[in-house]
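The following comprises the amino acid sequence and a computationally predicted model.
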Amino acid sequence: MSLEQIEIVVVGSCNVDLITYTNRFPKVGETIEGTDFKQGFGGKGANQAVAAAKLGAKVAMIARLGMDGFGTQTLENFKTQNVDASFVTQLEGVPSGVAPIFVDASGQNFIVIVSGANAKLLAQDLEPAKALLSRAKFVICQLEIRQETVLEAFGIARGAGVKTILNPAPAAALLPGLLELTDLILPNETELELLTGKPVTSVLEARDAAKDLIVAGAKEVIVTLGERGALHVTDHSAVHHQPRVVKAIDSTGAGDAFIGALVSALSRGLAMEHAIEFANAAAAVSVTRTGTQTSFAILEELKLAPPASGMPVEVA
Ligand code: RIB
C-alpha cells in the first residue's frame, strides 16, 4: 500500500494495554486476586486505525512512541495489521504510552492512561505529513494527544476538504475553535455530559445535548450509547440505532471498534445510517472477546454479530 492510496489518517495515541481481569473491582485500600492478565496493543488512536484496517480500509497512523520495547513492538504490530506507520516515530528519553486496565466479570472496565510519548506529538510535527493529511478522505483524532495537535490536524484537513472526525475521549473541555473544525463528533454519554453540561441519562436527553454540539459548530454527532445502541444527530434529524444484544465479557475498546468500523464503511461509500449499523455490529462482536485490538473483527467475522434488536427509529 503506497501513501498515495491512504484514505483514513489517524492522528492519535498508542498504548500498551496491561489488562487485569477480576470478578469484581477492589475497594480503596483492598487487595483482591485477579482471574487473568493480558498484555496487548491499545491506545484509542491505534485501536481505531487497526479496527478500520482489519475491515479492509487503507489507513495511516501519525503518532509518537518511546525508544523502548513497547515502542518497537507497536511498530511491528502496525506492520502486521497493515496500518502505514511512515509517520510513527520513536523518541529518546520518554516511555511509550501504557494503560493499566481492570475488567470485572460483567465486562465493564476502568482504565488509567499514562501518556508518555503520546504527549510529545506536537502541532509542528504534522508539517511533514501535510500532503498525507490533505489527500485522505477522513482524518480521525481523539483526546489522548495534545489538543493543539488535534486542532492543527483538523485545520490542515478542513483546508483541503478532508472530513474531520473527533472522538472526544477521554472527556475534556475542547479548545476554542475545535468544534467548528469538526465534521463528525462521537462522544459517549459521559463525554457528552461534560461537553455540554447537560445530563444524558436517556435517548431524548442525548438528542438534546447533541443538538447543542451542532449549534456550537460540529456538523454531525453520533452518541455511542453502549447497550442502548447509537444516536445519530444532524441539524435536521435524530435517528436512534438499536443495539445488538450480546453477552459482553470485555468492553475494552468497543467504542474504538465502532469508530474504526464506521469510518471504514464510510470510506467504502456507505451511507451514514448503513455505516452506523455496520459499526454497531463490529462493536457488538468486540465485546464478546477479551483484549482490545485482539477483539476487533475482520469482515468475515462480522457475520457472527446478531441482528440489530430493531430498525433505526426517528427520535421526534
Ligand atoms: O478505548 C480503549 C483504550 O483506551 C485502551 O486501548 C487504552 O489504551 C486507552 O487508550
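Nice, thanks for sending it over. Numbering: from 1, shown residues only.

How about the secondary structure of the residue lying closest to residue 147 once chain neighbours are set aside?
Nearest residue to residue 147, sequence neighbours excluded (CB to CB, 6 or more residues apart in numbering): residue 175, at 4.6 Å. Where you see a C-beta, it was placed from the backbone N, CA and C, and this is true even at glycine. Look at residue 175: counting by DSSP: H, G, I helix; E, B strand; the rest coil, its state is coil.

dump the residue contacts of residue 175.
Contact partners of residue 175, counting by CB atoms under 8 Å, 6 or more residues apart in numbering, are 147, 148, 150, 151.

Tell me the spacing between it and the ligand.
According to CB to the nearest ligand atom, to the nearest Å, residue 175 stands 20 Å off from the ligand.

what's the most distant pair in the contacts of residue 175?
Pairwise distances among the contacts of residue 175 were taken by CB to CB; the largest, 7.4 Å, belongs to 148 and 150.

more crowded one of these two?
With other CB atoms under 10 Å as the criterion, residue 148 and residue 150 differ in neighbour count, and residue 150 comes out ahead with 27 against 14.

Report the backbone C-alpha coordinates of stretch 191-209 in PDB.
Backbone C-alpha positions of stretch 191-209 (Å, rounded to 0.1, in the frame of the first residue of the first chain) are rendered in PDB as follows:
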ATOM      1  CA  GLU A 191     -18.300  12.800  27.300                       C
ATOM      2  CA  LEU A 192     -21.400  14.400  26.000                       C
ATOM      3  CA  GLU A 193     -22.400  15.400  29.500                       C
ATOM      4  CA  LEU A 194     -19.000  17.000  30.100                       C
ATOM      5  CA  LEU A 195     -19.000  18.800  26.700                       C
ATOM      6  CA  THR A 196     -22.500  20.300  27.100                       C
ATOM      7  CA  GLY A 197     -23.100  20.500  30.900                       C
ATOM      8  CA  LYS A 198     -26.400  18.700  30.400                       C
ATOM      9  CA  PRO A 199     -27.500  15.300  31.900                       C
ATOM     10  CA  VAL A 200     -27.500  12.400  29.400                       C
ATOM     11  CA  THR A 201     -29.500   9.600  31.000                       C
ATOM     12  CA  SER A 202     -31.900   8.900  28.100                       C
ATOM     13  CA  VAL A 203     -32.000   8.900  24.400                       C
ATOM     14  CA  LEU A 204     -34.100  12.100  24.400                       C
ATOM     15  CA  GLU A 205     -31.500  13.800  26.700                       C
ATOM     16  CA  ALA A 206     -28.700  12.600  24.400                       C
ATOM     17  CA  ARG A 207     -30.500  14.100  21.400                       C
ATOM     18  CA  ASP A 208     -30.900  17.500  23.200                       C
ATOM     19  CA  ALA A 209     -27.300  17.600  24.300                       C
END
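
quick one: contacts for the closest residue to the ligand within the stretch 1-150 of the chain?
Proximity of the stretch 1-150 of the chain to the ligand (CB to the nearest ligand atom) peaks at residue 42, 2.4 Å away. For residue 42, the contacting residues are 14, 15, 16, 17, 99, 101, 252, 253, 292, 293, by CB under 8 Å, 6+ apart.

Enumerate every residue touching the residue nearest in space to the middle of the chain.
For the chain, the residue nearest the mean C-alpha position is residue 256 (3.4 Å; CA atoms, centre = their mean). Contacts for residue 256 (CB under 8 Å, 6+ apart) come out as 44, 47, 48, 51, 167, 292, 296.

doesn't residue 296 make contact with the fourth one?
Yes - Residue 51 is in contact with residue 296 according to CB atoms under 8 Å; the separation is 4.7 Å.

who has more neighbours, those two?
Relative neighbour count places residue 51 above the other of residue 51 and residue 296, with 33 against 28, counting by other CB under 10 Å.

so that one, which of the three states?
Using three-state DSSP, the structure places residue 51 in helix.

Near the nearest residue to the residue of the stretch 1-150 of the chain closest to the ligand once chain neighbours are set aside, how many other residues are there?
Once flanking residues are discounted, residue 42 sits nearest to residue 17: 3.5 Å by CB to CB, 6+ apart. Here the count is done by other CB under 10 Å, and residue 17 has 25 residues near it.
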